[in-house]
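[1] just coords:
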């Protein structure tokens, strides 16, 4: 009985981790899609709006 409860707790925790990973992957795909649409249409957003929508730009490494 205790082991069943433990297994259930681990299952639920794993499911929540999976859901969060799925949400983040969905957000990342949506941001990429928005960027592509803006680029296709030639729309240039102000830096503050870009940061709000897409986060801070990652620094490019040499």
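    Perfect, thanks for sending it. This structure is a prediction, so every number in the text was calculated from the model and none was measured.

[2] my read: residue 34 touches residue 50, true?
    No. Taking CB atoms under 8 Å as the definition, residue 34 is not a contact partner of residue 50, at 10.6 Å. Any C-beta I mention is one placed from the backbone N, CA and C, and that applies to glycine too.

[3] check the offset of stretch 38-49 from the chain's centre.
    Computed by CA atoms, centre = their mean, to the nearest Å, the chain-centroid distance of stretch 38-49 equals 20 Å.

[4] for that stretch, measure first residue to last.
    Taking CA to CA, to the nearest Å, stretch 38-49 runs 13 Å from one end to the other.

[5] which stretches of this structure have low pLDDT?
    58-62 (pLDDT under 70).

[6] what about 50?
    For the chain, the stretches flagged by pLDDT under 50 are 62.

[7] the longest helix in this structure is where?
    helix 2-41 (DSSP state H).

[8] tilt between the very next helix or strand once past it and helix 2-41?
    On the C-terminal side of helix 2-41, the nearest following helix or strand under DSSP states H and E is helix 47-54. Helix 47-54 runs at 140 degrees relative to helix 2-41, counting by axes from the mean of the first three to the mean of the last three CA atoms, to 10 degrees.

[9] give me the most central residue, this structure.
    residue 24 (2.7 Å; CA atoms, centre = their mean).

[10] ok, residue 8 to residue 18 distance?
    Residue 8 sits 16 Å away from residue 18, going by CB to CB, to the nearest Å.

[11] picking up where we left off before, which strands and helices lie in contact with the longest helix of the chain?
    With contacts defined as 3 or more CB pairs under 8 Å, 6 or more residues apart in numbering; DSSP states H and E, the packing partners of helix 2-41 are helix 47-54.

[12] appreciated, that's everything.
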